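**Student:** Show me how the following folds:
(one chain, ligands or ions: 1)
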Amino acid sequence: MDRTAERIRLLPRYLFAEIDKKVKAAQEKGIDVIKLGIGDPDSPTPDYIVKRMQEEVARPTNHTYPPDEGLKEFREAVAGYYLRRHGVELDPQKEIVPLIGSKEGIAHISFCFTNPGDVNLIPDPGYPVYGIGTLFAGGIPQIMPLLKEKSFLPDLQSVPVEAARRAKLLFLNYPNNPTGAVATREFFKEVVAFAREYNLIVCHDAAYNELAFDDYRPISFLEVAGGKDVAIEFGSLSKTFNMTGWRIGYAVGNSLAVEALYRFKTNLDSGLFKAIQYAGVEAFINPQMEPFLEELRNLYRRRRDIAVKALREAGWPLDAPKATFYIWAPVPEGYTSQEFVTFLLEETGVVVTPGRGFGKYGEGYFRIALTVNEERLQEAMERIKGAVRFR
Ligand SMILES: *Cc1c(COP(=O)(O)O)cnc(C)c1O
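**Tutor:** Next comes the predicted model:
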């Protein structure tokens, strides 16, 4: 008898299981598989952060439980970064809470605000955690389609009024995974007005806020007037500093939202290893931060250019994304996104992600993650060009 709780049974089936199986089968046959599926940086965490970690991990004072509210030094480092980078002042006591990776906070924010039967507004396609956190809390996800003709920004006017009235949280993510889209200041202003009208909390996922190209620099939601009144913003060291395995992020913004999340967390987890928080401090305060990021952005920009050029040569109509390390491209006519991904894997040994994995409105697209070196990426693109034309 299946005794698992409904919330576990209702989890969507793991969409990539079938593809994972095919990848394994291909590898067993000796095919050289190139994985452009998962958005996990291939470069190491910079030395200056690793060195600090090595020092801190050896200190016995760091081996005890961390303070519930996080290390003061880490909260101050994040505040310093927001002021420097965004011109936003944050109170390190009340407006910043460290997270065990931003996914943790993104999943838990629904438990802080969404009562069973309440609605959360969720972008689709999108990072699956917004909807999963909503469901776990007993909430109802109301999808906001991200359409190409609207530059992959949700059309707030087409959110049903009834859903907007019942809504507690509105999730956004710019620069966007999976579409690579970026938000304008005007759009964020519209969101502030919408949030005020319906008394919503905006949850902005800013995981890719440092990975942008060609002089474009993403803005924080807290930069726009009234932003801090309505929003909590989630930041991550994962993509910025190649630290996905370390599990460190933060939430900043509206003090009521930050406090609610902090209160929830103190009852659930016991914070982040102090050594990791000190490494996080180093990430932001060391003068090597900017040169490191400059190099990282150049690395992804070169890869982006390789992928975009090859896809265009194969007939894809494609603009180069201004940010993130993803390429979001339409599948050729006659395929679903799953079918196209299977076709690519079988014909070329290249693994990409079907858009359907990010929601209903991801159908018709696939995502390339630029997380292999240039030589491998070039090889992958040659194979794709040899196997398929867009039209
Ligand atoms: C990678 C990613 C995260 C970051 O997760 P961490 O838990 O901080 O590693 C959050 N949101 C999006 C959209 C992502 O792609």
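**Student:** How is the protein divided into domains?
**Tutor:** With automatic domain parsing as the criterion, the domains of the chain are listed as 6-44+290-387, 47-285.
**Student:** right, is the last one up against the ligand?
**Tutor:** Yes. Under the criterion of C-beta under 6 Å from any ligand atom, domain 47-285 makes contact with the ligand via 101-103, 127, 173, 177, 205, 207, 236, 238-239, 244, 249. Yep, even glycine has a C-beta here, placed from its N, CA and C like the rest.
**Student:** so where is this structure shaky, pLDDT-wise?
**Tutor:** Along the chain, the model assigns pLDDT under 70 to residues 14-15.
**Student:** Show me where it has its helices.
**Tutor:** 6-9, 17-28, 47-57, 72-86, 102-113, 129-136, 161-166, 185-198, 227-230, 255-266, 274-285, 289-313, 337-348, 374-387 (DSSP state H).
**Student:** Now render those as a markdown table, adding mean neighbour count.
**Tutor:** Shown next, in a markdown table, are the helices of the chain (neighbours: other C-beta atoms under 10 Å):
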| stretch | mean neighbour count |
| --- | --- |
| helix 6-9 | 10 |
| helix 17-28 | 13 |
| helix 47-57 | 16 |
| helix 72-86 | 19 |
| helix 102-113 | 23 |
| helix 129-136 | 22 |
| helix 161-166 | 14 |
| helix 185-198 | 17 |
| helix 227-230 | 21 |
| helix 255-266 | 19 |
| helix 274-285 | 23 |
| helix 289-313 | 17 |
| helix 337-348 | 19 |
| helix 374-387 | 17 |
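**Student:** out of those helices, nearest to residue 36?
**Tutor:** Each of those has some distance to residue 36 by C-beta to C-beta; the shortest is helix 374-387, at 6.1 Å.
**Student:** Look up phi and psi at the residue most central in space within the chain.
**Tutor:** Nearest residue to the geometric centre of the chain (C-alpha atoms, centre = their mean): residue 207, 4.7 Å. As for residue 207, its main-chain torsions (degrees, to the nearest 10) stand at phi -60, psi -30.
**Student:** Assess the claim that it and residue 239 are in contact.
**Tutor:** Yes. Using C-beta atoms under 8 Å, residue 207 is in contact with residue 239, at 5.6 Å.
**Student:** if we can go back for a sec, how about the residue nearest to the centre of the chain: what's its closest non-neighbour residue?
**Tutor:** Closest residue in space to residue 207, ignoring its immediate chain neighbours: residue 236 at 4.5 Å, by C-beta to C-beta, 6 or more residues apart in numbering.
**Student:** next one: residue 383
**Tutor:** Residue 383 sits nearest to residue 348 (C-beta to C-beta, 6+ apart), 3.9 Å away.
**Student:** Do I have it right that residue 244 meets residue 40?
**Tutor:** Yes. Using C-beta under 8 Å, residue 244 is in contact with residue 40, at 5.3 Å.
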